[in-house]
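In: got a predicted structure here, sequence first:
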Amino acid sequence: MSTAILSALPEEQSSLVQQLAHPQRLMHAGRAFWRGELHDRPVVLALSGIGKVAAATTATALIEHFGVARIVFTGVAGGVGDGVHRGDVVVAQDYVQHDMDASPLFPRWELPGYARTRLACDPVLTAMLLEAASLCVTSASGLWGLKNIHGGAHRAHQGLVASGDRFVATAQESERLRSALRAAGHDVLAVEMEGAAVAQVCHDYGLPFAAVRTISDRADDAAHGDFAQFVQTVASRYAEHMVLSFLQK
Ligand code: ADE
């Protein structure tokens, strides 16, 4: 059974499509899907689009229509945790929806009907991704000339990632979001716009899910420029490197 490799943007997916053996492009639900093999493993490459609803639709199509056995998300995120720098990689241990708020009916951030705030990623896939990510960051500067402006090597982190339908583009918003969640015991490393939705769909269907995000920006006042530059230059090669190394495990 196939592994689905989900990316948010075509720029993040393009290197993987180029590597695909026996590529077959299929349209479903208004989206393009690529079937083929990477390292002799059957895969379906898909674009989630941007935001939680688009991502949930793609995840559901991958499960219902393509019958995939597991979903792995690869993409970029804004770093909000201390020491989570541009060019670092965050492997999600679990997910929270930072814009979920059904209070006072349910506690802030709790998923109504799930009796929990955080959804965990699959531990086995996550451990494999972390291994692949750790290898990738050690070669990142050599491969793509990516400099860690803070000195020292790029790092692979593992922890909580927050998703919401907002591009976080000011230091003030980033700090507000992070400190509010931290006060409730949720220490967020990175923010993005899709992962928690895919985690929820996979939870509903009982499918293993894991996610890896390269830090394109710090979700601060420079985020939009940093994001655009990162996505156009290195994001896709990072994704390719990590996914190929992951699939060989
Ligand atoms: N993905 C990458 N950077 C992001 C940011 N700053 N906010 C939300 N999603 C992102």
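Out: Thanks, I have it. Numbering: from 1, shown residues only.
In: quick one, helices of the protein?
Out: 10-19, 52-64, 123-144, 171-183, 195-205, 223-233, 235-247 (DSSP state H).
In: now the last one and helix 123-144, what's the angle there?
Out: Angular relation of helix 235-247 and helix 123-144 on a 0 to 180 degree scale: 130 degrees, by axes from the mean of the first three to the mean of the last three CA atoms, to 10 degrees.
In: up against the ligand, what does the chain have?
Out: Within reach of the ligand by CB under 6 Å from any ligand atom, the chain has these residues: 76-78, 167-169, 191-193, 216-217, 219, 223, 227. For every residue, glycine as well, the C-beta is placed using N, CA and C.
In: list just the nearest of these to residue 199.
Out: If you rank the residues of the chain next to the ligand by distance to residue 199 using CB to CB, residue 192 comes first, at 11.6 Å.
In: excluding residues flanking it in the chain, which one is nearest residue 120?
Out: residue 94 (4.5 Å; CB to CB, 6 or more residues apart in numbering).
In: burial of that neighbour, as a residue count?
Out: 18 (other CB atoms under 10 Å).
In: who wins on neighbours among the residues of the chain next to the ligand?
Out: In the residues of the chain next to the ligand, the most neighbours by other CB under 10 Å go to residue 77, 31 neighbours.
In: mind listing what it touches?
Out: 90, 161, 190-192, 213-216 (CB atoms under 8 Å, 6 or more residues apart in numbering).
In: now swap in residue 8 and tell me
Out: 47-50, 55, 75-76, 192-194.
In: also residue 217?
Out: If you count contacts by CB under 8 Å, 6+ apart, then residue 217 has 76, 78-79, 86, 223-224, 226-227, 230 around it.
In: hmm, back to that, adding distance to residue 37, write the helices of the chain out as a markdown table.
Out: Formatted as a markdown table, the helices of the chain follow (distance: least, CB to CB, whole Å):
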| stretch | distance to residue 37 |
| --- | --- |
| helix 10-19 | 10 |
| helix 52-64 | 17 |
| helix 123-144 | 18 |
| helix 171-183 | 40 |
| helix 195-205 | 23 |
| helix 223-233 | 26 |
| helix 235-247 | 10 |
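In: one step back: what's the closest of the contacts of residue 217 to the ligand?
Out: Distance to the ligand across the contacts of residue 217 (CB to the nearest ligand atom) is lowest for residue 78, with 2.8 Å.
In: residue 168 is in contact with that closest one, correct?
Out: Yes. In this structure residue 78 lies within contact range of residue 168 using CB atoms under 8 Å: 5.4 Å.
In: need the overlap of contacts for the two.
Out: The contact lists of residue 78 and residue 168 share 174, 191, 219, 223, where a contact means CB under 8 Å, 6+ apart.
In: how much space between residue 163 and residue 90?
Out: Taking CB to CB, to the nearest Å as the measure, residue 163 falls 12 Å from residue 90.
In: same question for residue 69.
Out: Counting by CB to CB, the gap from residue 69 to residue 90 is 24 Å.
In: what comes into contact with the helix or strand of the chain with the lowest mean pLDDT?
Out: Ranked by mean pLDDT, DSSP states H and E, the weakest helix or strand in the chain is helix 123-144, scoring a mean of 83. Contact with helix 123-144 is made by 70, 72, 87-89, 91-93, 146-148, 153-156, 158, 208-212, 233-234, 237-238, 241-243, 245-246, 249, as judged by CB under 8 Å, 6+ apart.
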